[in-house]
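Enquirer: Task: produce atomic coordinates for the following.
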Amino acid sequence: MSSVDLRRGDKIKRFKSSYSLQFSDDNLQEYMNVLGMIFSMCGLMMKIKWCAWLSVLCSFVGFTNARGGDDSKQIFSCFMLSVSAVIMSYLQNPTPMTLPFM
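Expert: As a prediction, the model looks like this:
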């Protein structure tokens, strides 16, 4: 057995992936917070129940897409506003929700 190293050091190249999971323009959380607040205001002011439920959905999506260093007060206020829109719309009119397209 020979203990000679047959690898060529000048031919070794470090692997660099061209695919990156880093998104620099990912503003989905901010968009969902704005949509959630708009839908919750429509649910509160116009008493539209499906808008209130959409605001809850938008606030959940905004919460799940939040990064660690984001402002938790804005996320919490959007979620509480959407929940209050659902509660107030059902307190004012306790009948089941009817969809406008059905």
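
Enquirer: Three-state assignment for the residue nearest to Ser72 when sequence neighbours are not counted, please.
Expert: In this structure, Ser72 finds its nearest non-sequential neighbour in Ala66, 8.0 Å apart by Cβ to Cβ, 6 or more residues apart in numbering. Every residue, glycine included, has its C-beta placed from N, CA and C. Per DSSP: H, G, I helix; E, B strand; the rest coil, the local secondary structure of Ala66 is coil.

Enquirer: for Arg7, same thing?
Expert: Per three-state DSSP, Arg7 ends up coil.

Enquirer: Name the residues that touch whichever helix in the chain runs longest?
Expert: Longest helix of the chain, by residue count under DSSP state H: helix 72-92. The contact list for helix 72-92 (Cβ atoms under 8 Å, 6 or more residues apart in numbering) reads 33, 36-37, 39-41, 43-44, 47-49, 51-53, 55-56, 58-60, 62-63, 66.

Enquirer: again, 7 Å this time
Expert: Residues from elsewhere that reach helix 72-92, judged by Cβ atoms under 7 Å, 6 or more residues apart in numbering: 33, 36-37, 40, 43-44, 47, 49, 52-53, 55-56, 59, 62-63, 66.

Enquirer: which one among those gets closest to Thr95?
Expert: Lys49 (9.2 Å; Cβ to Cβ).

Enquirer: related to what we said a few turns ago, looking at the contacts of helix 72-92, which is nearest Arg7?
Expert: Ala66 (47.1 Å).

Enquirer: Number of residues surrounding that closest one?
Expert: Applying other Cβ atoms under 10 Å, we find 18 residues neighbouring Ala66.

Enquirer: how far does the longest helix of the chain sit from the chain's center?
Expert: Counting by Cα atoms, centre = their mean, to the nearest Å, helix 72-92 is centred 16 Å from the centre of its parent chain.

Enquirer: What of stretch 85-96?
Expert: Distance, stretch centre to chain centre, for stretch 85-96: 25 Å (Cα atoms, centre = their mean).

Enquirer: Thanks a lot, catch you later.
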